[in-house]
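Engineer: Show me the folded form of this:
(one chain, ligands or ions: 1)
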Amino acid sequence: MGNEMIRLFRPTFDVEGCLAELKDCLEEGWTGPGFKTDRLEEEWKAYTGLANAYYVNSCTAALNLSFDVLKQCDGWQDGDEVITTPITFVSSNHAILLAGLKPVFADVDDTLCLDPKDVEKKITDRTKAVLFVGISGNPGHYREILDLCRRYHLRLVVDAAHMSGTKVNGSFPCGEADAVDFSFHTFKTLATADSGMLCFKDPEHEKIARIRAWSGINTAAYSDYAIRDHKTYKWHYDVEYVSNCYNGNSLMAAVALAQLRNLDKSIAYRAQLASRYDAAFSKVPDKIRLPEFPADCTPSRCHYQIIVEDRDGLVKYLNEHHINSGVHYVDNTNYRMYAYAHGTCPKAEYISEHVISLPMHMKLTAEEVDTVIQAVLDFVNQ
Ligand SMILES: Cc1ncc(COP(=O)(O)O)c(C=O)c1O
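Structural biologist: Got it, this is the predicted structure:
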């Protein structure tokens, strides 16, 4: 085994494609919102089949806007509840808190996503929405969660940070949700540097989001300062909301446009690598468990996860053998901020201590996957 680390993530770019799109922006003299962001939004709608798309500077921005806008439009009160998962990146749950709402944690199931049975148990008179997170691109039991939301008249927000390109029977599986939030962060399957897409079902929600995304300024959103309107630049505007700066820009959109052209290829390659891991690990089910995925699902797979008894030992062993690994995620109720819910989600607690992510990216070779597999098997069999 050589001394070079096998990396956990490695963003891969179509360099010539990215440079051509970036050159357009620099020659046109426009790097801000509008221009490439408009094109990316159109292409994203065509790719996902979603009705609306608004390009923002991160998935965190999309999540914050989703809850701000739904709270405003539906008249939710401070302290109203959103049912959410402990197995996620903290910005999912921070978005609920930042909107003045209360995260109520439900447990996960064998897909590592929300368990619909536990979600139903956590519904109260103050529940307004459910936040579903598709871990590793897995749609889990999204359909049952959607049914629950319809039955109890709850909004459904999908944190699709890991789901760019996930398909079930050839289509994006979460299109009926009220808001779907994607990440184009550098470690995601569609990598830029930082950016994301906010896809509301209701175009009225998107209209408000566009105002809230630029400090609450109520000009016709960005169109007044977009490149093609330069001659009609208007300085006068009113300010309707206290808000943040969440806009995406044309430079990042240029990179995203080039990356989108390769997204299906990336997902197909990741599926091949995942099958190689699956074939080896499924032979030792008493030592290694794999998350469940729905039938006919091609997940986006920004991570490849397994569940083992001695996770911390395996992380150390892999490091000693020049293999990077990761943990996605620590149970959020272990963090001081969310400790009020600690002990309410036993399965998530177990996952948090036993899950490990193994290398998964476009530059990873089949031989490197075999090296990782061998190291994992040597560790669990010792
Ligand atoms: C599940 C999940 N949600 C939200 C985010 C936030 O994404 P971004 O970095 O684009 O803000 C991430 C990023 O790691 C994530 O993994």
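
Engineer: Close to the ligand: what parts of the stretch 201-350 of the chain are there?
Structural biologist: The stretch 201-350 of the chain comes close to the ligand at no residue, as judged by CB under 6 Å from any ligand atom. Glycine gets a C-beta too; all of them are placed from N, C-alpha and C.

Engineer: For the stretch 201-350 of the chain, which segments are assigned as strands?
Structural biologist: Listed from the start of the chain, the stretch 201-350 of the chain has strands (DSSP state E, counting those that start in this stretch) covering 288-289, 297-298, 304-308.

Engineer: Just say which of those is most tucked in.
Structural biologist: Greatest average neighbour count among the strands of the stretch 201-350 of the chain goes to strand 304-308 (a mean of 21), per mean count of other CB atoms under 10 Å.

Engineer: Make CSV out of the strands of the stretch 201-350 of the chain and add mean pLDDT.
Structural biologist: Written out in CSV, the entries for the strands of the stretch 201-350 of the chain read as follows (pLDDT from 0 to 100):
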stretch, mean pLDDT
strand 288-289, 98
strand 297-298, 96
strand 304-308, 98
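
Engineer: Kindly state the pLDDT recorded for the closest residue to the ligand within the stretch 251-382 of the chain?
Structural biologist: Each residue of the stretch 251-382 of the chain has a distance to the ligand, by CB to the nearest ligand atom, and the smallest belongs to H328, at 7.2 Å. Looking at H328, its pLDDT reads 97.

Engineer: again with A221
Structural biologist: Looking at A221, its pLDDT stands at 43.

Engineer: what do you get for Q72?
Structural biologist: With respect to pLDDT, Q72 has a value of 97.

Engineer: cool, and the one 3 residues further on?
Structural biologist: As summarised for this prediction, G75 has a pLDDT of 98.

Engineer: What of N3?
Structural biologist: The per-residue pLDDT of N3 was computed as 73.

Engineer: That one: neighbouring residues, count only.
Structural biologist: Using other CB atoms under 10 Å, N3 has 5 neighbouring residues.

Engineer: And for L22?
Structural biologist: Neighbouring residues of L22 were enumerated by other CB under 10 Å; the total is 19.

Engineer: element containing it?
Structural biologist: helix 15-28 (DSSP states H and E).

Engineer: Now do the helix or strand following that helix: everything it contacts.
Structural biologist: Note on helix 15-28: by DSSP H and E, the next helix or strand toward the C-terminus is helix 36-48. Here helix 36-48 makes contact (CB atoms under 8 Å, 6 or more residues apart in numbering) with 21, 24-25, 50-55, 172, 175, 197, 199, 222, 226, 248-251, 253-254, 256-257, 260, 263.

Engineer: Could you list the buried residues of helix 36-48?
Structural biologist: K36, T37, D38, R39, L40, E41, E43, W44, Y47, T48 (16 or more other CB atoms under 10 Å).

Engineer: for stretch 204-214, same thing?
Structural biologist: Residues of stretch 204-214 classed as buried by neighbour count (16+ other CB under 10 Å): H205, E206, K207, I208, A209, R210, I211, R212, A213, W214.

Engineer: got the contact list for it?
Structural biologist: Identification of contacts with stretch 204-214 by CB under 8 Å, 6+ apart yields 33, 52, 54, 56, 61, 65-66, 68-70, 72-73, 178-179, 198, 200, 217-218, 221-222, 240-241, 243-247.

Engineer: got the contact list for the residue most central in space within the chain?
Structural biologist: Within the chain, the residue whose C-alpha comes closest to the C-alpha centroid is A161; the distance, by CA atoms, centre = their mean, is 0.7 Å. Counting by CB under 8 Å, 6+ apart, A161 makes contact with C59, F89, S92, V133, G134, D181, F182, S183, H185, K188, G196.

Engineer: again, only using 10 Å
Structural biologist: Going by CB atoms under 10 Å, 6 or more residues apart in numbering, A161 touches 58-60, 62-63, 88-89, 91-92, 133-135, 137, 181-185, 188, 196, 300, 302.

Engineer: Likewise for V69?
Structural biologist: Under the criterion of CB under 10 Å, 6+ apart, the contact list for V69 reads 99, 178-179, 198, 200, 202, 204-213.

Engineer: make it 7 Å
Structural biologist: V69 is in contact with H205, I208, A209, R212, counting by CB atoms under 7 Å, 6 or more residues apart in numbering.

Engineer: Give me the distance between the first one and R212.
Structural biologist: For H205, the distance to R212 under the criterion CB to CB, to the nearest Å works out to 10 Å.

Engineer: What ranges does the stretch 151-300 of the chain have for its helices?
Structural biologist: Counting by DSSP state H, counting those that start in this stretch, the stretch 151-300 of the chain has helices at residues 203-212, 250-260, 263-281.

Engineer: Out of the ones you listed, which is the most enclosed?
Structural biologist: Comparing the helices of the stretch 151-300 of the chain by mean neighbour count (mean count of other CB under 10 Å), helix 250-260 comes out on top with a mean of 24.

Engineer: which secondary structure elements does that helix contact?
Structural biologist: helix 15-28, helix 36-48 (3 or more CB pairs under 7 Å, 6 or more residues apart in numbering; DSSP states H and E).

Engineer: Could you check how far that helix is from the centre of its chain?
Structural biologist: Here the centre of helix 250-260 is set off from its chain's centre by 17 Å, with CA atoms, centre = their mean, to the nearest Å.

Engineer: burial of the closest residue to H141 other than its chain neighbours, as a residue count?
Structural biologist: Nearest non-adjacent residue to H141, counting by CB to CB, 6 or more residues apart in numbering: P116, 5.1 Å away. P116 sits with 21 neighbouring residues when counted by other CB under 10 Å.

Engineer: N324 too?
Structural biologist: Look at N324: counted by other CB under 10 Å, it has 17 neighbours.
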